[in-house]
Structures are given as C-alpha cells and as structure tokens.
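J.: Would you be able to build a 3D model of this:
(one chain, ligands or ions: 1)
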Amino acid sequence: MQITEILAWRVGLPLYEGSYKWSGGNSVDVFDSTVVEIRTNEGVTGVGEICPLGPAYLPAYAAGARAGLAELAPHLLGLDPTQLGLINQAMDRAMRGHPYVKSALDMACWDILGKVTGQPVAVLMGGRFGEDFALYRAISQDTPEAMARMVGVYRAQGYTKFQLKVGGNPDVDILRIHAAAAELQTGDVLVADANTGWNQHSAIRVANGVKDVDVYLEQPCMRYEECLAVRQHTDRPMVLDEVIDDVAMVLRGYKDQAMDVINLKISKVGGLTKARQIRDLCVSLGIAMTIEDTWGGDIVTAAIAHLAHSTPPEMLFSSTDFNSYVTVSIAEGAPQRQHGRLATSTAPGLGIQPRYDVLGAPVFVVR
Ligand code: MG
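T.: I've put the predicted structure just below:
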C-alpha cells in the first residue's frame, strides 16, 4: 500500500460557551483546527486532526500546522501508511521538531492501519479496558463564584472530575480553589491547572493557601525546575503537563519524583505512535495520566478515546471529550459523552467518517 494523496482542510470550531479562558489572559472564541486525509493506491483513506490551543499555549499555532503539513506531506508520498515506525522516521528525518505538525499525519496512518486490519485503533493499542472511561471538564477562568457554580452545572451533565483554569492572580486563585472545593461531593476530583501561569513564589503561596483542600496542582510554572521547587514545598499531588513533551522528560520527572500524574496530549508529543510509547512507559512506571490533546473536534476526540480506552483504568486519571465543547461536528461516528464518560467506536480504525460538506474545499492537496 502506498500513500498517493494528502489533503488538508481548515475548519473553525466555535465554543458553546462563547469563549475559553486560561492563565496569562489567554482566551479562544473559535478554535482554528486542521483536518488531514491520507489517500492510498488501494482506496483506503485515513483522517487526522490538529488543533493548537491558540498560538500562546505551546510552541504551536494553527497556521504553522498547515504550513508544516504542506512542507511535510510530499515526503510521505509513496510510503506505506500502515508501517508507523517508518512513517515516523520519515517525518522526523524530513522535519526536525514541530511534533504537532506530525500528529495529524500519524493519526491518519493509524486510521488506515485499523481499516486495513479490521480493528479499532484501541484494540491495536492494547485493547478496550471496560465499557467506558471517565472524563474531566475544564472550567474556564472566571470569578471564584462563577467557577464554583460551574462545578454543579457540569456535575449535572455527569462529570465528577473538574479542572479549574487558574494561573492568574494568586490571591484570587486561592479563592477560586476554595470556592470550587466547597461544591465538591464525595468521589469528585478537583484539579487546579495554572497552565504555567504562576512564578515560583506565587505558586508556593497558592500551594500553602490550599493545603487543607483536596486538590491536585497542575503545571504551576513555566519551567520544569520551578515546578520541581513547588513540588518540593507542597504535599498536594502534582500533575505536569506543558513541560512533559517527550520520553526523556517523563524519565527526568520520574527520577526527580517531580509529579504523580502527567497530562499526555497527543499532538504535544508528535502523534498517537509517540503518545502510545509514553503511555506504555507511564503504565510501567506507575505514573497516572490525563490523556487528551491541545484541543480539537470529532477526529481528535476519537483519537483521544482510542488511546484512553486502551489504557488500564487505574492509570487513567482522566480524559476529555472536546467535541462536546464546540458547536460544529466534523465527523460522523465520533464518541459522544454519556454521564461524564466516553467509549470508543468499535468500528475499524478511528471509527469515524469526515463530514466533507462541513469541511468544504481543501486548503491544499499534495499528490
Ligand atoms: Mg494542563
């Protein structure tokens, strides 16, 4: 089987709630997502998606994804999409870094591998653990009262895991965490995600200010060393996200006992192939994971679901249903949240069909 054609589309994904706000005054109203399709000489096709969380979250941005895809796509023509190791080697040889650019292409190749073998991607990645898995809900940065109110709103939708977007004024963040914690019920999980927004002394103040609260702290500061210093000053459980971008960082964090949980985003590490490698390593090391991506619609949600559903439940801290945040559906067959939980499709590959009427005209075709 050979790759004969690669197409890319740009699609806007507006948010039901109007906007999504996190640390540093960052916000997004309409996500700028990119869908790719890989076509082959045997008629089998696969789709992938990459949707950075705006240009200021990670070293990634939507127009960069499309420019990088146009640069990279010609290097994949003629290759066998079912041989993921060779595909990833070819991408890494043709372009240094830029893992998010490679993610959508790798995702599309997994979709093809699943269709060719007649297996869902989750089965190829280890199998489906149980019927479904638990999701978290992100609570956009707002006043302490407004954020606390959303705990009840989202619990009514079935969620039991809540991720507060903090990383702002540390005094207000302490109030946000206490206000949200007051709404928790037994069995709920609360995470305060600073998204790198605190400096080291502010993060330590917040950690001290919530030491009586059952809360996880996520990525308090920009640099790994700052996060490690915060970790050494608090006994709240720690999640690392933005700084964990490859296997070496997982091993460094493990050696330093810098975190209890990592946030594993598919595009942050370069695609499903590399995310699975990190997932399997974390399972072996005993590091739990939130498995998700930087954002996306139905295609990213399906890919997340396959990786999350094939992860032993005791190591899966939480996951995400991004397609429920946005008003536009770009694929049929994508998993849909039920009582705060998600299950993968049992159809071969990613189990989805792109809605070409929604995608419109491609932004490029390479053949
Ligand atoms: Mg995070």
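
J.: who's in contact with the residue in the stretch 51-200 of the chain that the ion sits nearest to?
T.: Distances between the stretch 51-200 of the chain and the ion by Cβ to the ion are smallest at Asp193, namely 4.5 Å. No exception for glycine: its C-beta is placed from N, CA and C like everyone else's. By Cβ atoms under 8 Å, 6 or more residues apart in numbering, the contact set of Asp193 is 22, 138, 163-167, 218-219, 239, 241.

J.: In the sheet, which residues pair with it? Tell me.
T.: Here Asp193 shows beta-bridge partners Lys165, Glu218, assigned using DSSP bridges.

J.: Mind checking what secondary structure Tyr254 has?
T.: Assigned state for Tyr254: helix (three-state reduction, DSSP: H, G, I helix; E, B strand; the rest coil).

J.: Wait, it touches Ser284, no?
T.: No: with contacts counted by Cβ atoms under 8 Å, Tyr254 stays clear of Ser284, the gap being 10.2 Å.

J.: Give me the more crowded residue out of these two.
T.: Between Tyr254 and Ser284, counting by other Cβ atoms under 10 Å, Tyr254 is the more crowded of the two (16 against 9).

J.: do you know how far the residue of the stretch 201-350 of the chain found nearest the ion is from Met222?
T.: Closest residue of the stretch 201-350 of the chain to the ion, Cβ to the ion: Asp241 (3.6 Å). Distance from Asp241 to Met222, counting by Cβ to Cβ, to the nearest Å: 12 Å.

J.: and these two? which has more neighbours close in?
T.: Neighbour totals were compared for Asp241 and Met222, and Asp241 leads with 23 against 18 (other Cβ under 10 Å).

J.: what about the closest residue to that one other than its chain neighbours, how many residues close to it?
T.: Leaving aside its chain neighbours, Asp241 sits nearest to Asn263 (3.5 Å; criterion: Cβ to Cβ, 6 or more residues apart in numbering). Applying other Cβ under 10 Å, we find 23 residues neighbouring Asn263.

J.: my read is Asn263 is in a strand, agree?
T.: Yes: counting by three-state DSSP, Asn263 is part of a strand.

J.: Helices along this protein, start to end?
T.: For the chain, helices defined by DSSP state H occupy the ranges 62-76, 84-94, 99-117, 121-124, 144-156, 170-181, 200-209, 224-231, 247-256, 266-269, 272-285, 298-309, 356-359.

J.: Leaving out sequence neighbours, find the closest residue to Val328.
T.: Closest to Val328 by Cβ to Cβ, 6+ apart is Leu13, at 5.3 Å.

J.: Which pLDDT value goes with the residue most central in space within the chain?
T.: Taking Cα atoms, centre = their mean as the criterion, Asp293 is the residue nearest the geometric centre of the chain, at 1.5 Å. pLDDT, Asp293: 98.

J.: Tell me the residues of the stretch 201-350 of the chain that contact the ion?
T.: By Cβ under 5 Å from the ion, the residues of the stretch 201-350 of the chain that approach the ion are 218, 241, 263.

J.: what about stretch 154-171 and the ion, touching?
T.: No: contact of stretch 154-171 with the ion (Cβ under 5 Å from the ion) is absent, the minimum separation being 7.3 Å.

J.: Could you work out the end-to-end span of that stretch for me?
T.: Taking Cα to Cα, to the nearest Å, the first and last residues of stretch 154-171 lie 25 Å apart.

J.: quick one: that stretch to chain centroid distance?
T.: 17 Å (Cα atoms, centre = their mean, to the nearest Å).

J.: Just the buried residues of that stretch, please?
T.: Within stretch 154-171, the residues scored as buried using 16 or more other Cβ atoms under 10 Å are 154-155, 159-168, 170.

J.: and the residue nearest to Asp241, what is it in contact with?
T.: Contacts of Asn263 (Cβ under 8 Å, 6+ apart): 218-219, 239-241, 244, 289-290, 292.

J.: partner residues bridging it?
T.: Thr290.

J.: Roughly how far does it sit from Asp171?
T.: Computed as Cβ to Cβ, the Asn263 to Asp171 distance reads 26 Å.

J.: How about Trp110?
T.: Trp110 is 45 Å from Asp171, by Cβ to Cβ.

J.: what number of residues lie near the spatially closest residue to Asp246 that is not a sequence neighbour?
T.: Leaving out its chain neighbours, the residue that sits closest to Asp246 by Cβ to Cβ, 6+ apart is Val269, at 6.2 Å. Val269 has 25 neighbouring residues, counting by other Cβ under 10 Å.

J.: Produce a ChimeraX select command limited to the buried residues of the contacts of Asn263.
T.: Here is the ChimeraX selection string for the buried members of the contacts of Asn263, based on 16+ other Cβ under 10 Å:
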select :218,219,239,240,241,244,289,290,292
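
J.: Make a markdown table out of the contacts of Asn263 and add distance to Thr273.
T.: Listed next are the contacts of Asn263 as a markdown table, based on distance: Cβ to Cβ, whole Å:
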| residue | distance to Thr273 |
| --- | --- |
| Glu218 | 25 |
| Gln219 | 24 |
| Val239 | 24 |
| Leu240 | 22 |
| Asp241 | 20 |
| Ile244 | 17 |
| Met289 | 16 |
| Thr290 | 19 |
| Glu292 | 17 |
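
J.: Map the structural domains onto the sequence of this protein.
T.: As assigned by automatic domain parsing, the chain contains the domains 3-118+354-366, 123-350.

J.: The shortest one and the ion in contact?
T.: Right, domain 3-118+354-366. No: using Cβ under 5 Å from the ion, domain 3-118+354-366 stays clear of the ion, coming no nearer than 8.7 Å.

J.: Surely Pro81 is in contact with Gly46?
T.: Yes: with contact defined as Cβ under 8 Å, Pro81 reaches Gly46; the gap is 6.5 Å.
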